[in-house]
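**Student:** Here you go, sequence then predicted model.
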Amino acid sequence: MEAQENWINKLERLQDQAFKDLQQAHKETELQNWHVTYLGRSSELMGIFSHIPQAPKEQRPLIGQKANLVKQALESQYSTRLEALKQETLEHSLKSEKLDITLPGRKATRGRLHIATQILREIYRIFAEMGFQIYLSPEVETDAYNFELLNIPAYHPARDLWDTFYTTTPGVIMRTHTSPGQIRAMREFAPNPVRVVLPGMVYRYEQMDASHEIQFNQLELLAVGENITFGDLRGTLEDFAHRMYGEDVQTRMRPSYFPFTEPSAEMDVQCIVCGGEGCPVCSGTGWLEILGCGMVHPVVLKNGGYDPKIFSGFAAGLGPERIAMLRYHIEDIRYFWSNDVRFLEQF
Ligand code: FA5
């Protein structure tokens, strides 16, 4: 009986002490320490719980009941105090801190499309309005598609025009231009007429400078059908230049050479950076070359599955980064892929 009194007294004392200490806890950390002391695993209360089995059998229920009551009381006082403390802290900060609702909020950083993507989309839009559809072809190509089928056999000196990145697999290369897509598109559409644009990355082992990158986009233009003439090519490209740069822009076509077109030409746009005076972007000439073009060579038409006696076609290869440089007065093509946000966020 005496032993039972002792246990009960002990629990009551414990509860009184705990309540007293709780009044002294004014910070959340103090409250946490209180919880560890009175309700934690090594607390006196938990010690009592674990000693109950050693008490005389008939006393166990009473001691157990009392211990549970104390535990519940401590827990409920603890949560009431915690809640009150949180409320106090909140009221305190509302009183002491002034909220300046006129301060501008923190700016969320917004993503944007890369300038190269923006210009490609604009070019797609212009050609889509003229009735061209987009056709995709692979960046990793075979020697056959990149050269042979475009009338450039292995021994042909014109191979020097394109400094190629070779893979370790014989006959497999990184495409040096989008022209291999011409063959792929023709083979899919022949003998029907075809009018497509083929965009994408091309790779060249080149000396880099203000207008030459080793990795850049190209956009191939291809139209095959009956009675397509050089006049159609000239008209299409001129219309494109005017829609891109405005009605007043000057363009010129120079004779050129590509093994897969005959005749071949290159189109220049007057350098908008210097207004035709000559600057590093146009290598001092006043003109910037934006594309190569020509009438599809009969051999290429045949390789694509068309009879050159019935069909003719034109093709062009545009440089979208060069087109963007002219449009936005960008002085160096190397900005495009250097990932400097000061450049990228201007567009
Ligand atoms: C060609 O790649 C031909 N396949 C174009 C073609 C297609 C001709 C269809 C006839 C018919 P060229 O190497 O000139 O040609 O490149 C075409 C365009 O890509 C150039 O006018 C230029 O705008 C762009 N370009 C060429 N080399 C680079 C480079 N290193 N960096 C950035 N743009 C380039």
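**Tutor:** Yep, it's here.

**Student:** in the stretch 101-250 of the chain, what spans have low per-residue confidence?
**Tutor:** 161 (pLDDT under 70).

**Student:** quick one, domains of this structure?
**Tutor:** The chain breaks down into these structural domains: 2-96, 115-344 (assignment by automatic domain parsing).

**Student:** so can I have JSON lines of the ones you listed showing mean neighbour count?
**Tutor:** Just so you know, the C-beta spots here come from the backbone N, C-alpha and C atoms, and that holds for glycine as well. As requested, the domains of the chain are arranged in JSON lines below (neighbours: other C-beta atoms under 10 Å):
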{"stretch": "domain 2-96", "mean neighbour count": "13"}
{"stretch": "domain 115-344", "mean neighbour count": "17"}
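
**Student:** For Lys107, find the nearest of those.
**Tutor:** Evaluated over the domains of the chain, closeness to Lys107 peaks at domain 115-344, with 14.0 Å, by C-beta to C-beta.

**Student:** Gln77 contacts Lys20, correct?
**Tutor:** No: contact criterion C-beta atoms under 8 Å: Gln77 and Lys20 do not qualify, at 11.1 Å.

**Student:** In a strand, Val224, correct?
**Tutor:** Yes: when the secondary structure is assigned by DSSP: H, G, I helix; E, B strand; the rest coil, Val224 falls within a strand.

**Student:** what about the closest residue to it other than its chain neighbours, distance to the ligand?
**Tutor:** Ranked by C-beta to C-beta, 6 or more residues apart in numbering and with sequence neighbours excluded, the top spatial neighbour of Val224 is Gly313, at 3.4 Å. Here the distance between Gly313 and the ligand works out to 10 Å (C-beta to the nearest ligand atom, to the nearest Å).

**Student:** Thought His329 was touching Ile272, still the case?
**Tutor:** Yes: at 6.5 Å, Ile272 counts as touching His329 under the criterion of C-beta under 8 Å.

**Student:** Contacts only, for whichever residue of the stretch 51-200 of the chain sits closest to the ligand.
**Tutor:** Using C-beta to the nearest ligand atom, the single residue of the stretch 51-200 of the chain nearest to the ligand is His177, 3.4 Å away. With contact taken as C-beta atoms under 8 Å, 6 or more residues apart in numbering, His177 is in contact with Asn146, Trp162, Val202, Gln218, Glu220, Gly317.

**Student:** Run through the residues of the chain sitting next to the ligand.
**Tutor:** If contacts are counted using C-beta under 6 Å from any ligand atom, the residues of the chain sitting beside the ligand are 177, 179, 204, 206, 212-213, 216, 218, 220, 258, 261, 264, 289-294, 315-317, 319, 321-322, 333.

**Student:** Now, these that are in helices?
**Tutor:** Within the residues of the chain next to the ligand, membership in helices is found for Glu321, Arg322, as judged by DSSP state H.

**Student:** And Asp209, its phi and psi?
**Tutor:** With angles defined as degrees, to the nearest 10, Asp209 sits at phi -150, psi -170.

**Student:** who does it bridge with?
**Tutor:** Using DSSP bridges, the bridge partners assigned to Asp209 are His212.

**Student:** Make residue 1 into 631 and carry on from there
**Tutor:** Right, with 631 as the first residue, what we last looked at is Asp839.

**Student:** related to what we said a few turns ago, quick one: secondary structure of the residue nearest to Val854?
**Tutor:** strand.

**Student:** Touching, it and Ala853? I think so.
**Tutor:** Yes: using C-beta under 8 Å as the test, Gly943 is close enough to Ala853 to be in contact (5.6 Å).

**Student:** Need the residues that contact stretch 867-880.
**Tutor:** Under the criterion C-beta under 8 Å, 6+ apart, residues 752-753, 756-757, 760, 881, 883, 897, 899-900, 902, 906, 920-921, 923, 946, 953, 956-957 lie in contact with stretch 867-880.

**Student:** try it again with 10 Å
**Tutor:** Residues external to stretch 867-880 that are found in contact with it (C-beta atoms under 10 Å, 6 or more residues apart in numbering): 749, 752-753, 755-757, 759-760, 851, 881, 883, 895, 897-902, 906, 916-917, 920-921, 923, 944, 946, 948, 953-954, 956-957.

**Student:** Report the beta-bridge partner residues of the closest residue to Pro950 other than its chain neighbours.
**Tutor:** Of all residues beyond its chain neighbours, the one nearest Pro950 is Asn847 (4.5 Å), with distances taken as C-beta to C-beta, 6+ apart. Beta-bridge partners for Asn847, by DSSP bridges, are Met831.

**Student:** show me the contacts for Asn847.
**Tutor:** With contacts taken as C-beta under 10 Å, 6+ apart, Asn847 has the following neighbours: 746-747, 749-750, 753, 808, 829-832, 948-954, 966.

**Student:** Done for today, thanks.
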